[in-house]
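>>> My questions concern the predicted model and sequence given below.
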Protein chains: 2
Amino acid sequence: MAERGTPVRLADVAERAGVSLATASRSLTGTAGVSLKLAEHVRGVASAMGYVTNMHARTLAGGGESSIGLIVSEIGDPYFAEIASGVIGVAAENHRMVQISHASDPATVLAQIRLLRAYRVGAIVLAGSGHVDPAADAAADAELASFQAAGGRVAVVGRHHIAADAVLPDNVAAGRSIARHLLDLGHRRVALIAGPATLNTVADRLVGLREVLGDSVVSVTHHAFSRDGGASGAAELLGTHPDVTAIVALSDVMAIGVLATLRERGIRVPSEISVAGFDDIPVAADVSPALTTARLPMAGIGAAALRLTMLDPASRPRRKTSGHELVVRESTGHAR
Amino acid sequence: MAERGTPVRLADVAERAGVSLATASRSLTGTAGVSLKLAEHVRGVASAMGYVTNMHARTLAGGGESSIGLIVSEIGDPYFAEIASGVIGVAAENHRMVQISHASDPATVLAQIRLLRAYRVGAIVLAGSGHVDPAADAAADAELASFQAAGGRVAVVGRHHIAADAVLPDNVAAGRSIARHLLDLGHRRVALIAGPATLNTVADRLVGLREVLGDSVVSVTHHAFSRDGGASGAAELLGTHPDVTAIVALSDVMAIGVLATLRERGIRVPSEISVAGFDDIPVAADVSPALTTARLPMAGIGAAALRLTMLDPASRPRRKTSGHELVVRESTGHAR
DNA sequence: CTGAAAGCGCTTACAG
DNA sequence: CTGAAAGCGCTTACAG
């Protein structure tokens, strides 16, 4: 029977069932100390009345599992969608709600963390690159630290400079793998089309790439971390360095933009120019030519991040590295 | 100054600021009736103490904006990621939190709606196809109805048989558009590779397709609504109907699987077989050949759905049709 | 095994 | 403009 108007309260259930509030509460939460028959009776009455616990009241009173807060830059980006999928999956396994929000710039991140704290989430998963300049993230980091001091749990994805559990995408090593692959194919004039220089993710991938590529890097430019950023980056590059034999985009999403520009210009991949990316988003295998990339298991990273917050708090932050895998497909070939 | 151990309560702030609880509350919520100077002073003290409102207490007491509940099948699927992006964006504009969860089968949908009700969300956006057999969705529909009777707001995406505001993807018309396009190109032997026959989304798209294609449909098969479903569907089809000149996949995600199988077999698209999809997910333009598809503006649909819940409740459910746009790209051509 | 009572942290009439 | 008090809907010691 559905209620109308005001929702049914536990007190209503108790009254109808002829028991005290305490007994009604115990019956529904499954707390020990109520005879089986009575508990069953109460549950029957509750469900007949269409009773739905008020989680706010329960949480306030000290019962209730806390929720999970998840902050991503943009859920429409496959990279974050994958991470979110991992987080939501693990949350469901553990019967936790997840409160999700968008935030990319530091000010918004800070505001969202505050909001999540107001909702008294038990844990926050913050996914999104940190900044090369630690000052940019200082306020958010402080807020996170304060949250942890108050008993909250935090796991970050892709942020180093913070005293919290972290899952670190294997960016430097992934950069090295891509670089080595290109070098092996004989490429000596390589362009790097990167996202914003301010981001750690970009900086780390560049470190790995440059470490191995050395002087073979002839151009590094920074653009929006998006398909269009990659597309316009490639267009620009073709003007300034038409002689490159390979382009590394700092994410698959950007790489897809690069491929689009190359196709538009009638430049063959990989016979004229090789292209590689990072992440191995689901569609990377299905663009054409299929993209060579460094696979980072994003869904697993999201899942691992949330799991870290469910472990007993460690005396010092845990760091987990994601690992990566070079996936060679059709977009890379021997230098011409 | 960050708190440690127990969070600062409003009572602590009031005491430190030398005012009553009531005045402290009014100062922080911005309720009229406190002198500007006093209010400012209280806010200063609160922020110095690192005070963070307890939303559970606030909500219970009757203040506080309610949250939004969002249910999607799987956030890793670009179709739902786009919808979610639209919902999250509008929610943020309106300072609402969104609680997200995965649910595809009816039982899980029901459980998630119940959970959302327990959290006293003000509105629920349910994205995901309804079922052809209304009985499958009956329990969830009843729960939603009860939620609305209790004052909750609901908007569904892709469900017809329910008395709630709805944004309906323009599936039938989209099917017609694709069909007409194929007919215009001279195709008379067309195969439809569909998702589960139990879903309304699938049924509706098929209706539009068949209405126009008529006898030109030589095969309809049902598979998982995924890339791999499309891939194996195509493999099967090639065995049973090697003579088709066009394949319509019932979603872009499936179409990408179809393209993969065709590429693997060395079958040229569109010169040997044309391929079309539905949705226009972001990557549809970047696979190769670029996919001809019926564009459904998913992010806009998500945004519109949430906006419907913020309007005054109507006497009868509002239905909004998404509209669609035929996007002709490279994967379709004249029948051979 | 069951109940009466206090308390969780707020907001909002109701008085002044 | 400000405060004392009741109440939101639960859970959990504390008694019995």
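All right, it came through fine.

>>> quick one: the closest residue to A:D228 other than its chain neighbours and A:A231, what's the gap?
For A:D228, the nearest residue in space outside its immediate sequence neighbours is A:G257; the separation is 5.9 Å by Cβ to Cβ, 6 or more residues apart in numbering or on different chains. For the C-beta atoms, the positions are set from N, CA and C on the backbone; glycine is no exception. Applying Cβ to Cβ, to the nearest Å, one obtains 4 Å for the distance of A:G257 from A:A231.

>>> Check A:V34 too.
The span separating A:V34 from A:A231 equals 65 Å under the rule Cβ to Cβ.

>>> hang on, A:E143 packs against A:Q112?
No. Contact between A:E143 and A:Q112 fails when scored by Cβ atoms under 8 Å: they sit 9.8 Å apart.

>>> Test my guess that A:L306 contacts A:V121.
No. Here A:L306 does not reach A:V121: they are 11.8 Å apart, not a contact under Cβ under 8 Å.

>>> can you list residues touching both of the two?
A shared contact of A:L306 and A:V121, defined by Cβ atoms under 8 Å, 6 or more residues apart in numbering or on different chains, is any residue touching both; here these are A:I68.

>>> In the stretch 201-336 of chain A, what residue spans correspond to helices?
A:227-240, A:252-264, A:298-310 (DSSP state H, counting those that start in this stretch).

>>> can I get the ones you listed in JSON lines with mean neighbour count and distance to B:D77?
JSON lines is the format used below for those (neighbours: other Cβ atoms under 10 Å in any protein chain shown; distance: least, Cβ to Cβ, whole Å):
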{"stretch": "helix A:227-240", "mean neighbour count": "20", "distance to B:D77": "18"}
{"stretch": "helix A:252-264", "mean neighbour count": "24", "distance to B:D77": "17"}
{"stretch": "helix A:298-310", "mean neighbour count": "22", "distance to B:D77": "12"}
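
>>> Reformat those as JSON lines; add distance to DNA strand D and mean pLDDT.
As requested, those are exported to JSON lines (distance: least, Cβ to the nearest atom of the strand, whole Å; pLDDT from 0 to 100):
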{"stretch": "helix A:227-240", "distance to DNA strand D": "48", "mean pLDDT": "97"}
{"stretch": "helix A:252-264", "distance to DNA strand D": "45", "mean pLDDT": "96"}
{"stretch": "helix A:298-310", "distance to DNA strand D": "19", "mean pLDDT": "96"}
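
>>> quick one: which of those is nearest B:T292?
Evaluated with Cβ to Cβ, the helices of the stretch 201-336 of chain A place helix A:252-264 nearest to B:T292, the distance being 16.4 Å.

>>> Tell me the secondary structure at A:V154.
Secondary structure assignment for A:V154 (DSSP: H, G, I helix; E, B strand; the rest coil): strand.

>>> how many neighbours does the closest residue to DNA strand C within the stretch 201-336 of chain A have?
Closest to DNA strand C within the stretch 201-336 of chain A is A:P313: 20.3 Å, counting by Cβ to the nearest atom of the strand. Using other Cβ atoms under 10 Å in any protein chain shown as the criterion, A:P313 is surrounded by 15 other residues.

>>> try A:H334
Per other Cβ under 10 Å, the neighbour tally for A:H334 reads 12.

>>> Mind pulling up the pLDDT for the residue lying closest to it once chain neighbours are set aside?
When the adjacent residues along the chain are set aside, A:H334 lies closest to A:L185, with 5.1 Å between them (Cβ to Cβ, 6+ apart). If you check A:L185, the pLDDT there is 98.

>>> Ok, the one 10 residues further on next?
Looking at A:G195, its pLDDT is 97.

>>> Check the gap between it and DNA strand D for me.
47 Å (Cβ to the nearest atom of the strand, to the nearest Å).

>>> Spit out the contact partners of the residue nearest to A:H334.
If a contact means Cβ under 8 Å, 6+ apart, then A:L185 has A:246, A:274, A:332-335 as its contacts.

>>> Same check on A:R210?
Shown in contact with A:R210 (Cβ under 8 Å, 6+ apart): A:175, A:179, A:217.

>>> which bits of the stretch 51-200 of chain A sit near DNA strand D?
Counting by Cβ under 7 Å from any atom of the strand, the residues of the stretch 51-200 of chain A close to DNA strand D are A:51, A:53-54, A:57-58, A:60-64.

>>> With respect to pLDDT, which of the residues you listed ranks lowest?
Minimum pLDDT across those is recorded for A:G63, with 77.

>>> okay, now the residue nearest to it when sequence neighbours are not counted: neighbour count?
Spatially, and ignoring its direct neighbours in sequence, A:G63 is nearest to A:T29 (6.4 Å; Cβ to Cβ, 6+ apart). Burial of A:T29, expressed as a neighbour count using other Cβ under 10 Å, amounts to 12.

>>> try A:S35
Neighbours of A:S35 using other Cβ under 10 Å come to 10.

>>> Tell me the spacing between it and A:M97.
Taking Cβ to Cβ as the measure, A:S35 falls 32 Å from A:M97.

>>> Pull out the buried members of the contacts of A:L185.
With burial judged by 16 or more other Cβ atoms under 10 Å in any protein chain shown, the buried subset of these is A:246, A:274, A:332-333, A:335.

>>> would you list every one of the strands in chain A?
Using DSSP state E, the strands found in chain A span residues A:68-72, A:98-102, A:123-127, A:153-157, A:165-168, A:190-194, A:217-222, A:246-249, A:274-279, A:292-295, A:319-321, A:325-327.

>>> how about A:T31, what does it touch?
When contacts are counted by Cβ under 8 Å, 6+ apart, A:T31 touches A:S25.

>>> If we use 10 Å, what do you get?
With contact taken as Cβ atoms under 10 Å, 6 or more residues apart in numbering or on different chains, A:T31 is in contact with A:22-23, A:25, A:39, A:63.

>>> try A:A299
Applying Cβ under 10 Å, 6+ apart, we find A:A299 in contact with A:81-90, A:282, B:76.

>>> Once you drop chain neighbours, what's closest to it?
Sequence neighbours aside, A:G86 is the residue nearest to A:A299 in space, at 3.9 Å (criterion: Cβ to Cβ, 6+ apart).

>>> Tell me, how many residues neighbour that neighbour?
The tally of other residues near A:G86 (other Cβ under 10 Å) stands at 26.

>>> pLDDT value on it, please?
pLDDT for A:G86: 97.

>>> ok so, going back, from what I see, the residue of the stretch 201-336 of chain A closest to DNA strand C and A:A149 are in contact.
No. Counting by Cβ atoms under 10 Å, A:A149 is not a contact partner of A:P313; they are 11.2 Å apart.

>>> give me the number of residues near the residue in chain A that chain B sits nearest to?
When scored by Cβ to the nearest Cβ, chain A has A:S288 as its residue closest to chain B, at 2.9 Å. A total of 19 residues lie near A:S288 under the criterion other Cβ under 10 Å.
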